[in-house]
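# give me the fold of what follows.
(2 chains)
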Amino acid sequence: ETGVTQTPRHLVMGMTNKKSLKCEQHLGHNAMYWYKQSAKKPLELMFVYSLEERVENNSVPSRFSPECPNSSHLFLHLHTLQPEDSALYLCASSQDRRVGSPLHFGNGTRLTVT
Amino acid sequence: AQSVTQLGSHVSVSEGALVLLRCNYSSSVPPYLFWYVQYPNQGLQLLLKYTSAATLVKGINGFEAEFKKSETSFHLTKPSAHMSDAAEYFCAVRRQGGSEKLVFGKGTKLTVNP
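Next comes the predicted model:
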């Protein structure tokens, strides 16, 4: 089983739908992250959790709502999204928040908002 | 604030040829530097990292990168390209002693021709 697992792999939703992305890490890491990857743009850090506490929120619109119930699971709740929110959403984890700790990524959820 | 510039959004090489992917960084303090690779329909995978030890860093799959402070560069090389190296490569910088935020470049897509 891979270290960081994301479900679903693909998601198509209308602008009025509510859906959730799930991430689970099996590495015993203490920090988890949500990134947004759009075409022709650098990866954008959305949220950082350390020991289940949100430590960073990079001016993300409130239509994205993260949840970290424990150190192994991370969710991204979505509601009333816009077409420009269509992107690949990547979850990552790291041993801790020290700058030398590399990130381990999941395979992402490809989100299409119609 | 730190930043990363990857020169060339697309690089094409022949199988067996040298691979050179360029990365220049900007950081007011000594940085930690990373190269990640993303294969189609997958998340990012760490290739190698520089953390102020040896300036020549060896990574997985035969890749290596050299930290050159005078040139503020961290170019990625591989002596002989394989077809399986076709992917997108991302350079990233993180500031030592500061925020854990990892700043990514826009990526370079490597094509390997038979």
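# quick check: the residue of chain B nearest chain A.
Here chain B gets closest to chain A at one residue, B:Gly43, 3.3 Å apart by CB to the nearest CB. C-beta coordinates here come from the backbone N, C-alpha and C atoms, glycine included.
# return the distance of the residue nearest to that residue when sequence neighbours are not counted relative to B:Gln42.
Of all residues not flanking B:Gly43 in the chain, A:Phe105 sits nearest, at 3.3 Å (CB to CB, 6 or more residues apart in numbering or on different chains). Distance, A:Phe105 to B:Gln42, using CB to CB, to the nearest Å: 8 Å.
# higher neighbour count, these two?
A:Phe105 (26 against 15; other CB atoms under 10 Å in any protein chain shown).
# for the more buried one, give me the pLDDT.
Here the pLDDT value assigned to A:Phe105 is 95.
# contact partners for the residue nearest to B:Gly43?
By CB atoms under 8 Å, 6 or more residues apart in numbering or on different chains, A:Phe105 lies in contact with A:Val4, A:Tyr35, A:Leu90, A:Cys91, A:Ala92, B:Tyr36, B:Gly43, B:Leu44, B:Gln45.
# what bridges to it?
Here A:Phe105 sits in beta bridges with A:Ala92, going by DSSP bridges.
# picking that back up, tell me which of the contacts of A:Phe105 fall in strands.
A:Val4, A:Tyr35, A:Leu90, A:Cys91, A:Ala92, B:Tyr36, B:Leu44, B:Gln45 (DSSP state E).
# may I see those organised as a markdown table, with distance to A:Phe64 and pLDDT added?
Output for those, formatted as a markdown table (distance: CB to CB, whole Å; pLDDT from 0 to 100):
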| residue | distance to A:Phe64 | pLDDT |
| --- | --- | --- |
| A:Val4 | 19 | 96 |
| A:Tyr35 | 12 | 95 |
| A:Leu90 | 14 | 96 |
| A:Cys91 | 13 | 97 |
| A:Ala92 | 16 | 95 |
| B:Tyr36 | 23 | 96 |
| B:Leu44 | 20 | 94 |
| B:Gln45 | 25 | 94 |
